[in-house]
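Engineer: Test case, fold it:
(one chain, ligands or ions: 4)
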Amino acid sequence: ATQKTPGRAMLYTPDLEENIARSVQLRGGLHDALRNGDIQFHFQPQLALNSGALIGAEVLARWTFNGTPVSPGYFIPLAEKSGLISELTFQALRAVGRFVAKRKAQALPEIRVSLNLSVSDINQKEFIPQLLKNVRDADLTPATLQFEITESFAVHGASDALVAINKLKDAGFRLSLDDFGTGFSSLSYLDHLPIDEVKIDRSFVSPLQVVTARQSIAASTQTIADNLGLEVLAEGVETVEQHQILRFIGVKFVQGFLYGRPMTEADFMTWEQNWDMA
Ligand code: C2E
Ligand code: CA
Ligand code: CA
Ligand code: CA
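Structural biologist: Residues are numbered from 1 along each chain as shown. Ligands and ions are numbered 1, 2, ... in the order given. You can find the predicted model right below:
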């Protein structure tokens, strides 16, 4: 009777109990953090590869729970599962509004901020009308805001998700296809989605080698995007070598630790003052 099947062993390990306890705790913590305004929003620069000009920023959520930072890779899915994601999305949007307004007040150049949307956002009733109301209240426009969606929006085909993104498109907003190549990568749907930009996922940027650059996924993405009239941004650029290969491939926009990490609004302004590509 002491012999356990692998399944049982997994079900009863104290580790898992701890994990469950922790996830219940985190769920409550996240709920409170959203209610109390404890989720922070950082901004990561996006640049034109050739000139080094700052062209945009991506807003990214940050959460510290009981003194320990929790990875967005963990709490975003938790927010999705717990019905909290749309509240997080609206808070991110308001953070973008404050960021853009502050830049305007300081006469800084106008840049476009990218906001991540989750497919689970769509599950919230009246999500798009509420989003657009928040956009208006925050004084944001298609010149100052774009939305990042993932391939999961596409595989939902003719569903609510596609209806939703078409509404954003109709309202004039640019759409960027995030994590490109990591999901149900059928290139055929690229043509059917109303997107303006493709983001090459970090996993295709980090292994870039000079010898294979031409055959890389990054290069073929750039070629297809050129044919479809889409812009390409490579994310996760960490080294000068990657930067140079992306330039060789013809990628025009970049984002990554090489240029700037996700930063608080204040740090972003300081970074911007000191930023010099050369
Ligand atoms: P993502 O949308 O692909 O965001 C880019 C992620 O890559 C960010 O991770 C960013 O910090 C990281 N990154 C940027 N440059 C580099 C680099 O050069 N090297 C490496 N190693 N990483 C880099 P982060 O902030 O941990 O977010 C992870 C994911 O969580 C995001 O991936 C996104 O899917 C989700 N997420 C974050 N904030 C939000 C949000 O406000 N709303 C939604 N819906 N999702 C969010
Ligand atoms: Ca993103
Ligand atoms: Ca991404
Ligand atoms: Ca991602």
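Engineer: Report the buried residues of stretch 93-106.
Structural biologist: L93, R94, A95, V96, G97, F99, V100, R103 (16 or more other C-beta atoms under 10 Å). Yep, even glycine has a C-beta here, placed from its N, CA and C like the rest.
Engineer: Spell out whether it and ligand 1 are in contact.
Structural biologist: No. Stretch 93-106 lies apart from ligand 1 when judged by C-beta under 6 Å from any ligand atom; the minimum separation is 8.7 Å.
Engineer: neighbouring contacts of that stretch?
Structural biologist: 41, 43, 57, 59, 109-111, 113, 115, 131, 134-135, 137-140, 144-145, 265, 268-269 (C-beta atoms under 8 Å, 6 or more residues apart in numbering).
Engineer: Just the buried ones among those, please.
Structural biologist: 41, 43, 57, 59, 111, 113, 115, 131, 134-135, 138, 140, 144-145, 265, 268-269.
Engineer: Y74 and ligand 1: what is the separation?
Structural biologist: 9 Å (C-beta to the nearest ligand atom, to the nearest Å).
Engineer: Give me the secondary structure label for that residue.
Structural biologist: Recorded secondary structure, Y74: helix (DSSP: H, G, I helix; E, B strand; the rest coil).
Engineer: If you tally nearby residues, what's the number for it?
Structural biologist: 13 (other C-beta atoms under 10 Å).
Engineer: picking that back up, narrow the contacts of stretch 93-106 to those in helices?
Structural biologist: Among the contacts of stretch 93-106, the residues falling in helices (DSSP state H) are L131, N134, V135, D137, E265, F268, M269.
Engineer: Identify the residues contacting the third one.
Structural biologist: Shown in contact with V135 (C-beta under 8 Å, 6+ apart): L93, L145.
Engineer: Run through the bridge partners of the residue most central in space within the chain.
Structural biologist: With distances taken as C-alpha atoms, centre = their mean, the residue of the chain nearest its centroid is N116 (4.4 Å). For N116, the beta-bridge partners under DSSP bridges are E148.
Engineer: and it, what is it in contact with?
Structural biologist: E58, V59, L60, T89, A92, F147, E148, D178.
Engineer: So for the last one, what's the nearest residue that isn't a sequence neighbour?
Structural biologist: Which is D178. With C-beta to C-beta, 6 or more residues apart in numbering as the criterion, D178 has its nearest non-adjacent residue at 4.3 Å, and that residue is E148.
Engineer: correct me, but the one you found touches F173?
Structural biologist: No. Using C-beta atoms under 8 Å, E148 makes no contact with F173, being 11.0 Å away.
Engineer: okay, the two: which has more neighbours?
Structural biologist: Higher neighbour count among E148 and F173: F173, with 23 against 20, using other C-beta under 10 Å.
Engineer: Was I right to think that one contacts A143?
Structural biologist: No. Between F173 and A143 there is no contact under C-beta under 8 Å: 9.9 Å.
Engineer: Who's the closest spatial neighbour of G260, skipping the chain neighbours?
Structural biologist: In space, G260 comes closest to P45 once its chain neighbours are excluded; the distance is 4.2 Å by C-beta to C-beta, 6+ apart.
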